[in-house]
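Peer 1: Just need the structure, nothing else, for what follows:
(one chain, ligands or ions: 2)
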Amino acid sequence: MTTYVYDFIEGSREMAGLLGGKGADLAEMARMGLPVPPGFTVTTEACRVFLATGAPPEGLDDEIARHLAALERAAGRRLGQVDDPLLLSVRSGARYTMPGMMDTVLDIGLNDLAVLGLGKTPERERFAWDSYRRLVQMFGSTVMGVDSALFEALIGDLEREHEAADDSRLDTVDMIRLVESFKDLIAERTGEEFPQDPAEQLRRTVLAVFSSWNGERARTHRRREHIPEDLGTAVCIQSMVFGNLGPDSGSGVAFTRDPATGRPGVYGEYLSNAQGEDVVAGIRNTVPLQRLADLDPGSYKELGAHMARLEGRYQDMCDIEFTIERGKLWMLRTRVGKRTAEAAFGIAAQLADEGLISPSQALDRVDGDALAHLMSPRFDTSAPDVGEVVARGVPASPGAAVGAVVFDSAEAVRRAGAGEQVVLVGQETTPDDLPGMIAAQAVLTARGGKTSHAAVVARRMGKVCVCGAGGITVDLARRCLTTADGVTLTEGTVVSVDGTQGVVRLGAVPLAESEVTQYFEAGGRAPEDEARQIVHDVHRLMALADSARRLEVRADADTPEDAARARRFGARGIGLCRTEHMFLGERRPLVEAVILAGTDAGRTRALAALMPLQREDFTGILEAMDGLPVTVRLLDPPLHEFLPDRTELAVRIAREEAADRTPAARDRELLAAVERMHESNPLLGLRGARLGLVVPGLVAMQVRALAEAVVARKRAGGDPRAEIMVPLVNDARELRLVRDEVDAVLADVSEESGIALDCPVGTVIELPRAALTAGRIARDAHFFCLGTNLLTQTTWGCSRDDAEAAFFPTYQDRGVFERSPFETIDREGVGRLVEIAVAEGRASRPDLTIGVCGEHGGDPASVHFFHAAGLDYVSCSPFRVPVARLEAGRAALSPSSADSSA
Ligand code: PEP
Ligand code: MG
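Peer 2: Ligands and ions are numbered 1, 2, ... in the order given. Next comes the predicted model:
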């Protein structure tokens with residue numbers, strides 16, 4: 001029989017899939033003998049049964065009852081008993097943390113009678129009614145579905161009454177009044193009374209946690225974090241301990257290292273006489289954790305010892321929640337802590353240096369997204385007119401962002417949708433603000449510390465955040481904020497938020513390059529001692545990745561400047577040099593001349609005019625990449641893409657005719673050509689190899705330009721390694737025909753110059769048929785490059801730009817896919833074709849080199865797939881090269897990542 005409930009002591013941290021992250025970590029602490037309030041966990045499997053069938057699994061109620069009875073026996077108190085009742089907290093806990101996604105219900109077990117027992121002594125009266133108030137409020141909103149704002153409004157009414165009377169603290173009578181008005185509110189909104197039976201409270205809360213898996217907030221979060229839809233959540237049921245029993249009680253959060261920088265040391269916040277929720281909500285201002293050393297030296301010391309043990313056990317920075325009830329320390333949860341990108345690199349490098357973790361564990365602790373974040377720019381405050389500082393607060397999530405202030409989530413989403421950059425401003429944030437936080441560049445709050453909702457969520461998303469900016473007043477009704485100096489900023493005012501310094505400035509401050517980017521720009525050499533620590537840490541991890549990886553990293557570049565940058569960033573060649581950009585700008589008339597040429601001789605003349613320009617382009621690029629491969633793709637897009645816009649031409653001609661003038665003959669010719677060459681679907685039109693076979697001389701011109709560039713570089717003493725790549729090949733015979741022409745030109749130039757030319761010729765595999773017939777194609781190809789942009793479009797049967805606008809958002813909402821297949825390779829479909837191309841290509845030519853040149857080459861999860869698929873290299877934009885290097889190293893050290901990272 002399946003077990004659906006585990007006592008904490010029965011689990012371990014390896015069981016996160018079944019017990020959820022929270023349940024597994026509680027179990028681990030209980031096992032280690034740390035003071036964890038006793039409890040048990042209902043498994044994710046029970047949740048999955050509920051989600052699949054709409055009912056809890058058979059026997060679940062009995063199992064819960066058995067574990068509850070054991071808990072009651074151990075505590076010597078029963079749920080719902082009139083005198084000093086046992087109270088429970090019920091929390092959701094999925095496999096992956098989903099902050100604020102699923103609500104907690106505290107103080108389960110209280111009812112109209114038990115509240116009297118709990119508050120039987122005068123000093124406990126207010127506490128008891130406050131606890132009951134919290135239960136009715138949380139149960140009412142989370143379980144019974146009453147809008148939580150309505151409860152807050154009732155509290156607000158009462159507070160305003162008190163402000164008028166100059167007595168802002170709500171007393172016992174107020175709490176009793178709140179309980180009554182909350183119960184009335186529930187009855188009025190749901191037609192049901194707040195349940196008095198503790199067993200019913202518990203049962204309904206467990207089911208509500210199950211259901212919340214499919215709540216709007218949870219779904220939004222999963223989509224963003226690419227968490228599978230079918231995992232389900234576990235439910236942790238635990239005896240309550242209270243941090244709000246007076247000055248010798250309190251709650252806090254602690255990190256075993258600074259989560260912003262990774263440096264060791266005690267780091268956290270404490271709030272005396274408060275429940276954990278009060279700390280996280282940022283409603284009252286906390287004190288630094290070090291203050292606890294004075295307030296309660298015994299608990300402080302004990303906490304320090306537990307923290308050290310936890311860090312040792314997890315071999316990583318831990319994030320801890322604790323409560324002190326009347327001088328007794330209780331550990332409420334722990335987990336491997338969320339950290340900034342800087343801290344991720346810092347912690348990994350330090351622990352590896354200390355020999356606590358292996359190189360592969362160190363690489364496992366960082367990722368390409370964190371590196372990309374470190375490479376993003378920061379503010380250049382040395383610029384002449386940086387705006388004045390309008391707010392200072394807690395530097396909660398680092399980085400630099402500029403945007404217009406907005407005062408609610410909906411406005412943030414609206415403006416961001418219109419292309420504006422925005423900064424979401426509020427007193428604090430709640431999970432309901434998630435869409436706005438996703439849309440915003442940065443978040444600014446007036447209240448809360450580094451562990452407030454705003455801070456935690458922003459850090460996870462890599463968004464800039466300053467919180468607890470105490471000097472500012474936010475006026476939601478007038479949609480403005482007032483600074484400490486009395487300056488009012490209305491909605492839409494542009495500000496610059498510096499999440500590293502915790503400073504907000506008026507206007508758009510110019511951005512400066514990050515030190516990490518500068519390090520790469522300087523060629524990634526070992527940094528000077530005085531360089532910032534983060535540069536040393538990045539250098540350390542890049543070295544680990546480079547020595548581990550099997551995949552080579554090349555770059556997509558089509559100018560000497562990009563090629564040089566790519567090389568500084570660590571690219572070992574160019575995987576894709578697109579030649580179409582060389583046909584634009586002032587060269588357009590020359591391309592037009594090729595298209596308009598009425599005779600072979602005319603076309604030959606027009607192509608000859610283009611040739612020297614192409615040769616110059618190639619010479620510069622080969623020089624920048626001297627000694628490394630440069631893969632030049634022959635012209636790919638249809639020629640009509642180089643012609644002027646049809647409407648523009650037609651209007652110009654019509655205007656001339658209307659004014660009784662003769663339109664320019666060239667305009668007429670161009671319009672005729674545009675109309676003649678029009679394609680309903682250029683994506684699948686006359687392009688790539690097709691173009692080379694239909695337009696005589698085009699391939700020869702490009703190949704000659706490249707071959708002569710190679711000759712020029714060799715004569716200059718260089719080591720050019722040009723490769724020629726034929727795009728959009730669908731059938732082996734197409735490639736054979738193009739190659740005949742390529743080989744002939746190479747032979748000609750070799751003979752003319754007396755210099756041997758050894759240029760590999762390969763093809764882009766970007767059509768399903770090409771992948772399926774790769775074995776035959778490989779007979780004539782020295783290399784394959786997988787063009788996964790077009791391969792994804794042709795496999796899915798859609799064009800990217802149209803699909804992303806038209807139906808992808810709906811598909812993501814409705815779960816057809818979690819990530820766009822254009823961002824992360826679709827392993828099942830496109831990936832399968834890649835595997836076929838690799839297997840059949842290598843079967844017919846064992847030394848076939850295979851790379852990828854689609855956008856996927858710089859996407860972390862896709863890099864792991866390409867590693868597993870046995871490719872030789874990935875090619876990506878120069879700025880993504882460090883990310884690809886890092887991920888290629890991670891992929892090499894973590895064989896399982898091939899299955900788990902997408
Ligand atoms: C591709 O299709 O994957 C590719 C690299 O081509 P494009 O230049 O169209 O991005
Ligand atoms: Mg393409």
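Peer 1: Within the helices and strands, which one has the closest residue to ligand 2 within the stretch 601-750 of the chain?
Peer 2: Closest contact between the stretch 601-750 of the chain and ligand 2, by C-beta to the ion, is at residue 636 (6.2 Å). Heads up, the C-betas are built off the backbone N, CA and C, glycines and all. Assigned by DSSP states H and E, residue 636 falls within no helix or strand.
Peer 1: which ones are touching it?
Peer 2: 578, 579, 580, 687, 688, 691, 727, 728 (C-beta atoms under 8 Å, 6 or more residues apart in numbering).
Peer 1: In the stretch 601-750 of the chain, where is pLDDT below threshold?
Peer 2: Under the criterion pLDDT under 70, no range of the stretch 601-750 of the chain is flagged.
Peer 1: in it, which spans are helices?
Peer 2: With DSSP state H, counting those that start in this stretch as the criterion, the stretch 601-750 of the chain has helices at 646-658, 665-677, 689-694, 698-715, 732-753.
Peer 1: ok so residue 575 is a strand residue?
Peer 2: Yes: under DSSP: H, G, I helix; E, B strand; the rest coil, residue 575 falls within a strand.
Peer 1: Quick check: the gap between the residue of the stretch 601-750 of the chain closest to ligand 2 and residue 556.
Peer 2: Residue 636 is 13 Å from residue 556, where distance means C-beta to C-beta, to the nearest Å.
Peer 1: What of residue 267?
Peer 2: 42 Å.
Peer 1: same check, this time on residue 38
Peer 2: 58 Å.
Peer 1: circling back: and ligand 1, which of the contacts of residue 636 reach it?
Peer 2: residue 578 (C-beta under 6 Å from any ligand atom).
Peer 1: among the contacts of residue 636, which ones are buried?
Peer 2: Among the contacts of residue 636, those scoring as buried are 578, 579, 580, 687, 688, 691, 727, 728 (criterion: 16 or more other C-beta atoms under 10 Å).
Peer 1: Sort out which one of those residues lies nearest ligand 1 for me.
Peer 2: residue 578 (5.4 Å; C-beta to the nearest ligand atom).
Peer 1: Contact partners for that closest one?
Peer 2: 556, 558, 633, 636.
Peer 1: Could you verify my assumption that the third one touches residue 766?
Peer 2: No: the criterion here is C-beta atoms under 8 Å, and residue 633 misses it with residue 766 at 10.7 Å.
Peer 1: which residues do these two both contact?
Peer 2: Going by C-beta under 8 Å, 6+ apart, residues that sit against residue 633 and also against residue 766 are residue 727.
Peer 1: In the stretch 801-902 of the chain, what residue lies closest to ligand 1?
Peer 2: residue 854 (3.3 Å).
Peer 1: Excluding chain neighbours, give the residue nearest to residue 187 in space.
Peer 2: Distances taken as C-beta to C-beta, 6 or more residues apart in numbering place residue 193 nearest to residue 187, at 5.7 Å, with adjacent residues excluded.
Peer 1: Kindly tell me how buried the residue of the stretch 351-500 of the chain found nearest ligand 2 is, as a neighbour count.
Peer 2: Nearest to ligand 2, among the residues of the stretch 351-500 of the chain, is residue 368, at 23.1 Å (C-beta to the ion). Here the number of neighbours of residue 368 (other C-beta atoms under 10 Å) works out to 22.
Peer 1: For it, give me phi and psi.
Peer 2: For residue 368, the backbone dihedrals (degrees, to the nearest 10) come out as phi -60, psi -30.
Peer 1: now the one 10 residues further on
Peer 2: For residue 378, the backbone dihedrals are phi -120, psi 180 (criterion: degrees, to the nearest 10).
Peer 1: list the contacts for it?
Peer 2: Residue 378 neighbours (C-beta under 8 Å, 6+ apart): 399, 400, 498, 500, 511, 512, 514.
Peer 1: In space, what's closest to it - neighbours in sequence excluded?
Peer 2: Closest to residue 378 by C-beta to C-beta, 6+ apart is residue 400, at 4.5 Å.
Peer 1: okay but the one you found is in contact with residue 499, surely?
Peer 2: Yes: the pair residue 400 / residue 499 is scored as a contact, 7.3 Å apart, by C-beta under 8 Å.
Peer 1: And those two? Which one has more around it.
Peer 2: residue 499 (30 against 24).
Peer 1: before we move on, the earlier item: which residues are in contact with both of residue 400 and residue 499?
Peer 2: residue 464.
Peer 1: And residue 329, which helix or strand is it part of?
Peer 2: Going by DSSP H and E, residue 329 is part of strand 328-336.
Peer 1: Kindly apply the preceding question to residue 843 instead.
Peer 2: helix 830-844.
Peer 1: residues of that helix that come out buried?
Peer 2: 830, 831, 833, 834, 835, 836, 837, 838, 840, 841, 842.
Peer 1: What parts of the stretch 651-800 of the chain come near ligand 2?
Peer 2: Proximity of the stretch 651-800 of the chain to ligand 2 (C-beta under 5 Å from the ion) is limited to residues 787, 789, 790.
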